[in-house]
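Asks: Quick one: sequence and predicted model below, then my questions.
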Amino acid sequence: MKTKIIVTGGCGYIGSHTAIELIKNDFDVIILDDLSNSTEKTISRIHKITGVTPTFVKIDLKDPLATSTVFKMHNDAAGVIHFAAHKAVGESVQKPLMYYKNNFYSLLNTLESQSEHGINNFIFSSSATVYGTPNTLPITEDNETQRPFSPYGNTKKIAEEILTDFTKSNDAFSAISLRYFNPIGAHPSGEIGELPNGIPNNLMPYITQTAVGLRDKLMVYGNDYLTKDGTPIRDYIHVVDLAKAHVKAINRLIDHKQQQPLETYNLGTGNGFSVMEVIESFERVSGLKLNYEIVGRREGDVPQLFAATDLAYQKMGWKAELGLDEMIDSAWCWEQKHRKHNTSK
Ligand code: UFG
């Protein structure tokens, strides 16, 4: 019998890459998704890549009864990896209640239902945004968290606090929170990748959409930061490396290797690259010139953020393996292949 794992938000960008890595590691994957920012076509794409069709349940995790029913049906699962959440920073500033409602109702219903049905391992999809503007770099997990700029970011910070309280109150329950830095790139097959709704907020999809002609030009938000070339520095991480970390994390809980009821890990490469370096890498791997313009700073952007990655390596044996050019090459392949074969999602 294969070990069963429930992946909420498994049709989304990071969720789908994680589902593939779980299947490759012989897990039985159950995907729960409301398809609000993803497509059911992901299921057949996962089949194309792995030869396996994961079980798919279309469900709104804000609905407590529906959530409890689905967890009851899969009460033999060994754990839950929870991706289901809204994630657009700008939209969350416009619609904070929608973000708090969606991200917390889904989280709380999942925690309540899974523990009610004896599924006591939980991996949470968190973000480096919980560090706010760091005073020291690279940033280690023991740095104090700060209230993030956006309601989206705040849902991640508060969710970690909920997990702290819940794991304390329930001896049987264990959780790992994974703080992502800047996930980019796509599966090497070109079958799945990042597909933001509407105009992208994030740098990488904006670059590739500009290069295919969907956007006129990239706006570079500020070149007057105190960094090597004046543009902000981030720790970009390949989504496939990130997905692999989730397999390590769930195995750690299944094997009872966790040393604390809630453990927290940074997921980054430890290397910071500026916006201009990302553009240069894109031009190098694509052979194209990118149309861009330097404009004013974007509200809420921190000048520099990159991870200390030792803890994830020491405790989970995980480290990122793919470099910036590989990340960008895969994102570019995905964008071109996707645009060629799909007029819609
Ligand atoms: N940028 C541009 N132009 C764009 C988009 C982005 O110049 O059109 C710049 C930003 O100013 C920033 C860098 O590219 O300096 C990266 O921006 P992203 O929007 O891609 O990523 P962020 O670092 O702002 O945000 C990411 C995730 C969030 C998460 C945050 C944690 O998208 O979900 O990291 O630090 F909260």
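Replies: On my side now, so go ahead. Residues are numbered from 1 along each chain as shown.
Asks: Check the residue lying closest to I162 once chain neighbours are set aside and give its pLDDT.
Replies: Once flanking residues are discounted, I162 sits nearest to L107: 6.8 Å by CB to CB, 6 or more residues apart in numbering. (Each C-beta comes from the backbone N, C-alpha and C, glycine too.) Here, the pLDDT recorded for L107 equals 98.
Asks: which residues touch N271?
Replies: Neighbour list for N271: D235, F306, L324 [criterion: CB atoms under 8 Å, 6 or more residues apart in numbering].
Asks: so is the nearest residue to the last one once chain neighbours are set aside in a helix, a strand, or just coil?
Replies: Yep, that's L324 we're talking about. Beyond its immediate neighbours in the sequence, the residue positioned closest to L324 (CB to CB, 6+ apart) is S281, lying 5.1 Å away. Put simply, S281 is helix when judged by DSSP: H, G, I helix; E, B strand; the rest coil.
Asks: got the phi/psi numbers for the residue nearest to I162?
Replies: phi -60, psi -50 (degrees, to the nearest 10).
Asks: What is the burial count for it?
Replies: Counted with other CB atoms under 10 Å, the neighbours of L107 add up to 23.
Asks: ok, the residue nearest to L324 touching I328?
Replies: Yes: assessed by CB atoms under 8 Å, S281 is found in contact with I328 at 5.0 Å.
Asks: And these two? Which one has more around it.
Replies: Each of S281 and I328 has its neighbours counted (other CB under 10 Å); I328 has more, 26 against 20.
Asks: Now name the helix or strand holding that one.
Replies: helix 324-341 (DSSP states H and E).
Asks: helices or strands up against that helix?
Replies: Other elements packing on helix 324-341 under the criterion 3 or more CB pairs under 8 Å, 6 or more residues apart in numbering; DSSP states H and E are strand 182-184, helix 203-211, strand 236-238, helix 275-286.
Asks: how about these, which one is nearest the ligand?
Replies: helix 203-211 (3.6 Å; CB to the nearest ligand atom).
Asks: what ranges do the helices span in the chain?
Replies: 13-24, 41-50, 64-73, 89-94, 96-116, 151-169, 203-211, 239-254, 275-286, 310-316, 324-341 (DSSP state H).
Asks: Find the nearest non-adjacent residue to N121, please.
Replies: G79 (3.3 Å).
Asks: Next: P261.
Replies: Using CB to CB, 6+ apart, the nearest residue to P261 is T167, at 3.6 Å.
Asks: so how far is L324 from the one you found?
Replies: Note on T167: its distance to L324, by CB to CB, to the nearest Å, is 35 Å.
Asks: okay if I get the helices and strands packed on helix 324-341 as CSV plus distance to A175 and mean pLDDT?
Replies: Below are the helices and strands packed on helix 324-341 laid out as CSV (distance: least, CB to CB, whole Å; pLDDT from 0 to 100):
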stretch, distance to A175, mean pLDDT
strand 182-184, 20, 98
helix 203-211, 29, 98
strand 236-238, 21, 98
helix 275-286, 33, 98
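Asks: Redo the ones you listed as a markdown table? Include distance to the ligand.
Replies: A markdown table is the format used below for the helices and strands packed on helix 324-341 (distance: least, CB to the nearest ligand atom, whole Å):
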| stretch | distance to the ligand |
| --- | --- |
| strand 182-184 | 5 |
| helix 203-211 | 4 |
| strand 236-238 | 8 |
| helix 275-286 | 5 |
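Asks: Other residues contacting the helix holding I328?
Replies: By CB under 8 Å, 6+ apart, helix 324-341 touches 184-188, 190-195, 204-205, 207-209, 211-212, 214, 236-238, 240, 271, 273, 277-278, 281-282, 284-286.
Asks: what angle separates it from helix 239-254?
Replies: 110 degrees (axes from the mean of the first three to the mean of the last three CA atoms, to 10 degrees).
Asks: what mean pLDDT does helix 324-341 have?
Replies: Per-residue pLDDT over helix 324-341 has a mean of 93.
Asks: per-residue confidence for the closest residue to I279 other than its chain neighbours?
Replies: Using CB to CB, 6+ apart and skipping residues adjacent in sequence, the residue nearest I279 is L290, 5.6 Å away. Listed pLDDT for L290 reads 98.
Asks: residues in contact with L290?
Replies: Counted by CB under 8 Å, 6+ apart, L290 has contacts I207, T210, A211, L218, I279, F282, E283.
Asks: what do you get for A245?
Replies: Contacts of A245 by CB under 8 Å, 6+ apart are L178, Y265, L267, A312, M316, W318.
Asks: Among these, which one has the most neighbours?
Replies: Most surrounded of these: other CB under 10 Å gives L267, at 28 neighbours.
Asks: CA atoms only: put stretch 95-113 into CSV for me.
Replies: Extracted C-alpha coordinates of stretch 95-113, given in CSV (Å, rounded to 0.1, in the frame of the first residue of the first chain):
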residue,chain,number,x,y,z
LYS,A,95,-9.4,43.1,-0.6
PRO,A,96,-8.0,42.3,2.9
LEU,A,97,-11.2,40.7,4.2
MET,A,98,-11.3,38.3,1.2
TYR,A,99,-7.7,37.3,2.0
TYR,A,100,-8.2,36.9,5.7
LYS,A,101,-11.5,35.0,5.1
ASN,A,102,-10.1,32.6,2.5
ASN,A,103,-6.7,31.9,3.9
PHE,A,104,-7.9,31.4,7.5
TYR,A,105,-11.2,29.6,7.0
SER,A,106,-9.3,27.1,4.7
LEU,A,107,-6.5,26.7,7.2
LEU,A,108,-8.8,26.3,10.2
ASN,A,109,-11.2,23.9,8.5
THR,A,110,-8.3,21.8,7.3
LEU,A,111,-6.6,21.6,10.7
GLU,A,112,-9.9,20.9,12.5
SER,A,113,-11.0,18.2,10.0
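Asks: Sounds good, over and out.
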